[in-house]
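K.L.:
Curious how this folds, go ahead:
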Amino acid sequence: MKLVQFYQREDQERKLQVGVVKGDKEVVALNVAGTMRDVIQTANIRSLEEGAAYRLDEVKLLSPLTDPEKIICIGLNYHDHVIESNMQVPKVPVLFPKYNNCLIGQDDEVVIPSEVTQCDYEVELAVVIGKTAKKVPLENAMDYVFGYTVLNDVSARDIQLNEPQWTRGKAIDGFAPTGPWIVTADEIDNPGNLGISLTLNGETMQNSNTKELIFDIPYLVSFLSNTITLRPGDIISTGTPPGVGMGKKPQVWLKHGDVVEATVEGIGTLRNTFAAE
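P.N.:
The predicted structure follows:
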């Protein structure tokens, strides 16, 4: 299933709805109260009653999650990205947070603050947790995965790399475009072997495969759950492959009017435009 959060474009109140994408052009609303996080906690999501159907062009897609308890991001998790970043291969996962203020959706505009002069892109496969996970054994870790989405870990390098911690350069408003939907885990045979890529104004900048992850999804779920209780709707963003703007020669920084498309095989393409504050 492809699950979305949306509102009808004609709805002046912009009431949030949760729906299922059918085919390429239709969204069918689910008759549920609440947000996607509430739907994820439903015992049998396929039993939910369906409501009105809309054409995709009649709705505005939001981030498929707008209220997760946690967004845990993994840094330096592709070997070649570690090299281009001039850093050491980590012995344990490198963690940093993003927050709900960062989440925006398909075709939303990413505003680059006036303070930021080195804005960068990072396509990532994001994992959505489906049930409470605490001290999960490695062999059972995938049982706790609800689905997958695409996340662009937008980064202000001039802030991130010039302060003791990364948070202020990573958790800027709108710096976690996510979507366009969540694909449920049963639709992805092997999340450890998916093509992952990103284009900037139509030019390919990143092109890799999730099999290059240093720490794979089962390891991350188990590792994190040892000390952090994961809740339904939590997001784990698994890191970015090589090709970020910081690693280019000459370096490439996002600017007003740039269009970024982040793609993960089997999930879809997340598209956003960047604008100067």
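K.L.:
contacting residues for V123?
P.N.:
Applying C-beta atoms under 8 Å, 6 or more residues apart in numbering, we find V123 in contact with 150, 152, 196-198, 206, 240-241, 262-264. (C-beta placed from N, C-alpha, C; glycine too.)
K.L.:
Out of these, which is nearest to V59?
P.N.:
V150 (18.5 Å; C-beta to C-beta).
K.L.:
Quick check: that closest one is in a strand.
P.N.:
Yes: counting by DSSP: H, G, I helix; E, B strand; the rest coil, V150 falls inside a strand.
K.L.:
just the helices in the stretch 101-250 of the chain please.
P.N.:
157-160, 167-170, 217-225 (DSSP state H, counting those that start in this stretch).
K.L.:
secondary structure element for G19?
P.N.:
Using DSSP states H and E, G19 maps to strand 17-22.
K.L.:
Only C-alpha atoms, please: export that strand in CSV.
P.N.:
In CSV, the C-alpha atoms belonging to strand 17-22 read as follows (Å, rounded to 0.1, in the frame of the first residue of the first chain):
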residue,chain,number,x,y,z
GLN,A,17,-6.9,13.2,5.7
VAL,A,18,-5.2,9.9,5.5
GLY,A,19,-5.6,8.0,2.2
VAL,A,20,-4.4,5.2,0.0
VAL,A,21,-3.0,5.8,-3.5
LYS,A,22,-4.7,3.6,-6.1
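K.L.:
Run through the strands of the stretch 151-277 of the chain in chain order.
P.N.:
155-156, 176-184, 195-200, 203-209, 235-237, 259-264, 268-276 (DSSP state E, counting those that start in this stretch).
K.L.:
Quick one: closest of those to N44.
P.N.:
Nearest of those (C-beta to C-beta): strand 176-184, 12.1 Å.
K.L.:
which residues make contact with the helix or strand of the chain with the lowest mean pLDDT from outside it?
P.N.:
Ranked by mean pLDDT, DSSP states H and E, the helix or strand of the chain with the weakest confidence is helix 79-84, at a mean of 83. Under the criterion C-beta under 8 Å, 6+ apart, residues 76, 88-90, 208, 212, 214, 239-244, 246-247 lie in contact with helix 79-84.
K.L.:
Which one of those residues sits in the busiest neighbourhood?
P.N.:
For those, the largest neighbour count, defined by other C-beta atoms under 10 Å, is 30 neighbours, found at T240.
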